[in-house]
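A.B. asks: here is the input, now give the coordinates:
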Amino acid sequence: MPILRSRLPHVPRPARIAIAAILLAVLHALPAHAQYIYFDVNGDGVSTQADVLAAAGPSALDVWLRTDTNGDGSPAICSSADGPLTITGYEFIVRVSNGTVSWAGFVNQRPEFAAPMGSASGATDFHTGYSGSQLAAGTYRLGTLTVTPTSGTPHLAFVPSTALDPLYYTAFVSACSGIDIDNTLKMGVDWFDNAVLPYGGAANTAPALQAPATIGMDEGTTRVEPLAATDGEGNAIAFSLAGGPAFAAVATTDPGTGSAAGTLTLTPAFADSGAYAVSVAASDGFLETKAEIALTVRNVNRPPVFNIVPMPMVAEGTDVEYAVSVVDIDEDALVLGIASAPTYVTLSISHSDYGFISAALRYQIDRHLQLDPDRNRHQRIGDVVDSRDGEPERPKIFPAEMRAKFRSPLFETDIRCLEVGNHSIPFLQPIRVIPLHNAREQRVEPLIIGTQ
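C.D. replies: You can find the predicted model right below:
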């Protein structure tokens, strides 16, 4: 709960605003001004290098406030230049950094300020305050705060505000109105001087992080890289992703007690080729170490994909046409043609563009076609050569299947799509030719697709 402000006479709001504007203009022309709040551990009433937070066990910290002098001993001034730097009450916020402490309690040392305004504390902050009768400007021992280090290498400092309550301040009530004209001289507004209480033990050191300097991988794949870190103080370590692409993730597999393990997982999709900077971090809870990784994701060319045509069941003496299309997601130029097929099969290109080609596959079956499967199986016309290695692509050949009631032979059409400069993709289109006198009784065969 914040301190109740001074009982000075009420000033109308317009007048307060005008006074504040005048005071701000005057303050810009004045020398630096400040009061001074500090810790004293050894009982001499001043802040020196001998005042430190004990590395182990409780420490009794006296909190002192000088209302009339700055940290360097020079005279302090009233920021609003309208009254003496008296004190009628105080409140302060202490924050711990680089470690943790337990707040054991606070004892008010000013009998003139007997009205407690309540205390509050959290993981990092402690607040308290007292008010009472007015004291003249001077140096005052406000009270004694007892703390015990619990982890890390904690140090303490006074701060202007806290998340414990937005109305908490480090401040004192005075006859001096202050910049806000509320008779509460606030640290960070009316004055700035304060002393940090350092840790008395060995200083904490940041973890040592081990991570690869460079990584190269193909898009569309997954890679898991190990991470390792050590901490000289034996603290548990957590790994995190400090920066990088969305397909990067960091996990802590073992926080350890001074030696930890983690992983960096990379899962670039097919559209993620390129160069990336990945930043991983290891933290002991107080200090953090980062490592930068240069990641190269190599482009992977994907083969074209056929739009599959169902296996035709074609009777003698018929003329049937089917649509064939091929899509290449990398938008490479495509060439479509027949590598081998029966003589009654033709392929006509209807549309060709980067990454897409469509055609008509036509069956013109003569009524007097001899249906001996040994004589009518297709003969290979030629192979399409893959330009990467110069070797011909060998299509798989489906055996003749005689599942129909009257032993209708199975023929195969070998359609080839050449992705210029990369892949040669075969698509074997089987066709069963039905003798005219058996067409009414022919069963439909299942789809048969072959690729190489």
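A.B. asks: can you give me phi and psi for the residue nearest to residue 71 when sequence neighbours are not counted?
C.D. replies: Residue nearest to residue 71 in three dimensions, not counting chain neighbours: residue 193, with 3.5 Å by Cβ to Cβ, 6 or more residues apart in numbering. (Each C-beta comes from the backbone N, C-alpha and C, glycine too.) Taking degrees, to the nearest 10, you get phi -80, psi 130 for the backbone angles of residue 193.
A.B. asks: so how far is the longest strand anywhere in the chain from its chain's centroid?
C.D. replies: Taking DSSP state E as the criterion, the chain has its longest strand at strand 87-108. From the chain centre to the centre of strand 87-108 is a distance of 35 Å (Cα atoms, centre = their mean, to the nearest Å).
A.B. asks: cool, stretch 150-157 as well?
C.D. replies: The chain centre lies 28 Å from the centre of stretch 150-157; the measure is Cα atoms, centre = their mean.
A.B. asks: for it, what is the average pLDDT?
C.D. replies: Stretch 150-157 shows a mean pLDDT of 90 in the predicted model.
A.B. asks: now it: buried residues?
C.D. replies: Residues of stretch 150-157 classed as buried by neighbour count (16 or more other Cβ atoms under 10 Å): 151-156.
A.B. asks: give the other helices and strands that the longest strand of the chain contacts.
C.D. replies: When contacts are defined as 3 or more Cβ pairs under 8 Å, 6 or more residues apart in numbering; DSSP states H and E, strand 87-108 sits against strand 59-66, strand 125-135, strand 139-158, strand 171-173.
A.B. asks: low-confidence ranges in the stretch 151-300 of the chain?
C.D. replies: Judged against pLDDT under 70, the stretch 151-300 of the chain has no low-scoring part.
A.B. asks: whatever helix or strand comes next after the longest strand of the chain pairs with which strands, and in what direction?
C.D. replies: The C-terminal neighbour of strand 87-108 among helices and strands, as given by DSSP states H and E, is strand 115-116. Paired neighbours of strand 115-116 in the sheet (DSSP bridges): strand 125-135 (antiparallel).
A.B. asks: the strand it pairs with versus strand 139-158: what angle between them?
C.D. replies: Orientation check (axes from the mean of the first three to the mean of the last three Cα atoms, to 10 degrees): strand 125-135 against strand 139-158 gives 160 degrees.
A.B. asks: now do strand 125-135: distance to the chain's middle.
C.D. replies: Distance of strand 125-135 from the chain centroid (Cα atoms, centre = their mean) equals 43 Å.
A.B. asks: next: stretch 127-136.
C.D. replies: How far stretch 127-136 lies from its chain's middle: 47 Å, per Cα atoms, centre = their mean.
A.B. asks: show me what the strand or helix carrying residue 252 is packed against.
C.D. replies: Assigned by DSSP H and E, residue 252 belongs to strand 248-254. On a contact count with 3+ Cβ pairs under 8 Å, 6+ apart, strand 248-254 meets strand 238-243, strand 259-266, strand 274-283.
A.B. asks: for it, buried residues please.
C.D. replies: So for strand 248-254, counting by 16+ other Cβ under 10 Å, buried means 248, 250, 252.
A.B. asks: and that strand with strand 274-283, angle?
C.D. replies: 30 degrees.
A.B. asks: please consider this matter closed, and thank you.
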